[in-house]
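Chemist: okay, here's the prediction I keep looking at, along with the sequence it came from:
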Amino acid sequence: MVVLSIDPQFASSMGLSQMLHLNFPFADGALGLLVKAALIVVVIRLFTAVYNLATKRSPYENIAGPEPSSAMLGYLADVHGMDSLDLHFTMTERYGHVARLKGGLFGSDGLYISDPLALHSILVKDQYNFPESTDFSGLFGIVHHGESLSSVSGKEHKQQRKILNPVFTAAHVSKLSSLFHRIATELRDRLRTEVESNPGATLDILDCLSRAALELISQGGIGHTFNALENMSSKGFHEFHAALKDVLPCSSKLFPIFPFLESWRNKKPVWLRRFLGNLAYVIPWPSLRRFKECIDIMYPTCAKIFHEKKKLFDEGGIDALANTASGGRDLTTVLMQANSEADKENRMPDQTVITAMSSILLGGQETTSGAMCRLLDLMSLHCDLQDWLREEINEALAEKNGKPLDFYELNALPRLDATCREALRLFAPVTFVWRQTIKDTVVPLQYPITDTKTGREIHEILIHEGTPVYVGISALNRSTTLWGPDAAQFIPERWMGHQAYESTMGKIKTPGVFSNTMTFLAGGRACPGMKFALLEIKTVMSVLLPAFRFKRTDAIVDWRLGITLSPYVRGKEAEGPQVPMKLSLIKEEN
Ligand code: HEM
């Protein structure tokens, strides 16, 4: 055991090592010295932190915000905690469109922003002053084993997006319609078999949709099938699927070590980094261990798939990829072709293509499966919503003699479109993102806030270098100032030109790329997969709704935060995310 006592004569002229009386059972020798040195560093940091806390004044003292539940961690536990959704949803109503997040012992104050004009500055106009925070880039650099889109900024990010953006255009995504329809039909048939063989039984609809989302993103995104919808799915699928599902919820629990991840992933020599990384298997912290297990599964899988594709491509060009799961229409194949045609300086190295594949899989899996699950969850609560949508889809299918609806036909269905917009506004799968200012920047406000000291209105804020900036995606999407007093209610009709909403909707102006919401963000880092996601969601709904009625069970489902949102049954949280539902066949009833 280590016993540490601090000499009360702190101001004496003695050296630090003499001030700290350290008693170790192994006090002598190199190890003892090393432990003493480490403890001295810890104590100095602790002193500095306490001194700073006591003496330093925050530049944001006059901005209202929530009181942190822990003085040590500051806002971190409250903002990143699994049960913090309510705080995010109500932040704007409680504190205005800019709120102060009080830092803890080791961190400075942050700002939580949902003001549309300020977000235009942060995400569009001055975006290079507000890159991803080093916490975020460190985390995602580790998750994707390299410089993925989420971990690079500035010129490097712009270069990657220049090659990736054309891959995600409507022209390319629309070609995935028939592939998506085939996967949605497989899902429907699997569900039908289960309902027929066990009528009245309860199904975990999240598991079914999450499998479908994996097939949609893996076939459409990287041209690979995990056979996720087959009954006898392989061990490889189970491992990969579980890793993809667990990695974000686990990583959100690692917030106390976020500040150290960026420096760890750049640590040299490599053996030391690996050694430190493998400590995750030894330290008794289940989330860290599971996080490490997940990333040790994800990257090798993506690398293997890439090398198989690359071999085919090098040997037989683009035609050789026509026999892959997507018939050569997937985003990675399009990317590989564009990359081979790009001039040398704009070409992505193989390692970057692998991290892009990993980003596409992770970016597209949990967000979309969560969004589809939320839609069915809403429909199971509101049977009239199901009937209303089913009627529209059946009419459109009848006009096409039952042939599948493609990208453009699905987008032309006003009820389905309005329902997707409203669900994605109210329940954005990504609740917030965070950035860090690298240069002092003055940000204007559309909705002035009140100075808590003087009572004066503040119309612009100087955001200091190093400030963590939280972009309140859901906070803006739910602001009553923007969306009206019923902002927190699910009302698809607000998107359908109804008179009651015309004047409110006509006035909303935000930098968001999707229907004035921030759901897919804004600016140079906005989600490239938006059209892909909407096609997935609409295709699955257009196939499932004519086939089934969805009914709630008695279970209460709570959606909890874990970077994206996950549904848990109240009282059964330990069983992991799930949404129990009863399905009945529509044909059977007629
Ligand atoms: C409903 C579904 C989706 C939602 C709500 C969503 C939302 C978002 C948001 C908010 C970001 C910004 C993250 C940040 O800056 O920190 C983002 C980034 C990203 N998304 Fe999505 N996404 C969805 C589906 C998809 C799909 C289907 C794909 C792939 C096909 C995808 C690929 C990506 C990628 C690669 C990025 C990183 C972009 C960059 O850093 O430049 N997303 N997404």
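Modeler: Yep, it's here. Note that this is a predicted model, so its numbers are computed, not measured.
Chemist: mind jotting down where the helices sit in the stretch 201-350 of the chain?
Modeler: 205-222, 235-252, 258-265, 270-278, 286-316, 331-341, 350-381 (DSSP state H, counting those that start in this stretch).
Chemist: list the buried residues for the shortest one?
Modeler: Under the neighbour-count criterion of 16 or more other C-beta atoms under 10 Å, helix 258-265 has 258, 261-262, 265 buried. Heads up, the C-betas are built off the backbone N, CA and C, glycines and all.
Chemist: that older thread, of the helices of the stretch 201-350 of the chain, which is nearest the ligand?
Modeler: helix 350-381 (3.0 Å; C-beta to the nearest ligand atom).
Chemist: off-centre distance for the helix or strand following the closest one?
Modeler: As assigned by DSSP states H and E, the chain's next helix or strand after helix 350-381 is helix 383-399. Offset of helix 383-399 from its chain centre (C-alpha atoms, centre = their mean, to the nearest Å): 31 Å.
Chemist: and the helix or strand just after helix 383-399, which residues are buried?
Modeler: For helix 383-399, the succeeding helix or strand toward the C-terminus, using DSSP H and E, is helix 407-411. Residues 407, 409-411 are the ones in helix 407-411 that count as buried (16+ other C-beta under 10 Å).
Chemist: what's the mean pLDDT across helix 407-411?
Modeler: For helix 407-411, the mean pLDDT works out to 97.
Chemist: who in this protein is up against the ligand?
Modeler: 149-150, 161, 221, 359-360, 363-364, 367-368, 371, 429-430, 433, 519-521, 525, 527-529, 532-533 (C-beta under 6 Å from any ligand atom).
Chemist: count of neighbours near the closest residue to Ala118 other than its chain neighbours?
Modeler: Once flanking residues are discounted, Ala118 sits nearest to Val443: 4.6 Å by C-beta to C-beta, 6 or more residues apart in numbering. Neighbours of Val443 under the rule other C-beta atoms under 10 Å: 24.
Chemist: same question, the one 10 residues further on
Modeler: Under the neighbour criterion other C-beta under 10 Å, Lys453 is assigned a count of 9.
Chemist: dump the residue contacts of it.
Modeler: Listed by C-beta atoms under 8 Å, 6 or more residues apart in numbering, the contact set of Lys453 reads 61-62.
Chemist: so what does it have for phi and psi?
Modeler: phi -90, psi -50 (degrees, to the nearest 10).
Chemist: and it, how far is that from Ile113?
Modeler: As defined by C-beta to C-beta, to the nearest Å, Lys453 lies at a distance of 20 Å from Ile113.
Chemist: so the residue nearest to Ala118 makes contact with Ser121?
Modeler: Yes: at 4.6 Å, Val443 counts as touching Ser121 under the criterion of C-beta atoms under 8 Å.
Chemist: quick one on the thing from earlier: so the residue nearest to Ala118, which state does it fall into?
Modeler: On the three-state scheme (DSSP: H, G, I helix; E, B strand; the rest coil), Val443 is labelled strand.
Chemist: quickly list what it is bridged to.
Modeler: Ile461 (DSSP bridges).
Chemist: for the ligand, give me its nearest residue in the protein.
Modeler: Closest point on the chain to the ligand, by C-beta to the nearest ligand atom, is Gly529, at 2.2 Å.
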